[in-house]
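In: sequence unavailable; structure follows:
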């Protein structure tokens, strides 16, 4: 019985602390993103053609790293690796569902099936690599540079560095960083990264 070796004290502490942190993050997100929007009855909105898919990459990236972090913490509590990875992937997806609920009740957005698909994709990208290789070989990464576009529409693209990093898709770049030494003879310290960004979106 592998459950007999789980450190329940550590696991309970992780659940309490992470739940409190997650709740505070949702409150902060609601304040930063939805505070100025009017409420509506819940509805979906197809935004797949908007923002040149940068927003979808953001969902993918967040789900991947939430899954990876959760798995590491569960393993720290002595939960077996395969169970940690599966539970973490489910959690990585589930933690982002409230964002679509917020969107669904906001007249500025509407819930997005495309966002939910990107959330699932990020979680599965983590789980799939762990199942295939027992490790992560392709790492989603993120970079941000402030742009002048936010000044043209600060209510949508942010006002100030932190809110712009979240909202101004013009300044965001998402990368896939490959550990090439895991595939072919290659210097271990050198990775190949392929990135995607877009601009002139207001």
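Out: Cool, the structure landed. Here the structure is a predicted model, which means the values were calculated and not measured.
In: so who does residue 73 touch?
Out: Residue 73 sits next to 14, 18 when contact means CB atoms under 8 Å, 6 or more residues apart in numbering. For glycine as for every other residue, the C-beta is placed from the backbone atoms N, C-alpha and C.
In: also residue 152?
Out: Contact analysis of residue 152 by CB under 8 Å, 6+ apart lists residue 202.
In: per-residue pLDDT, it?
Out: Reported pLDDT at residue 152 in the predicted model: 94.
In: with residue 1 instead?
Out: So residue 1 comes in at 45 (pLDDT).
In: could you do residue 4 as well?
Out: On the pLDDT scale, residue 4 gets 57.
In: name the element the spatially most central residue of the chain belongs to?
Out: Nearest to the geometric centre of the chain sits residue 62, at 0.8 Å (CA atoms, centre = their mean). Per DSSP states H and E, residue 62 falls inside helix 54-76.
In: list the buried residues of that helix.
Out: 54-68, 70-71, 73-74 (16 or more other CB atoms under 10 Å).
In: centre of the chain to stretch 36-52, how far?
Out: 19 Å (CA atoms, centre = their mean, to the nearest Å).
In: and it, end to end?
Out: End-to-end span of stretch 36-52 (CA to CA, to the nearest Å): 24 Å.
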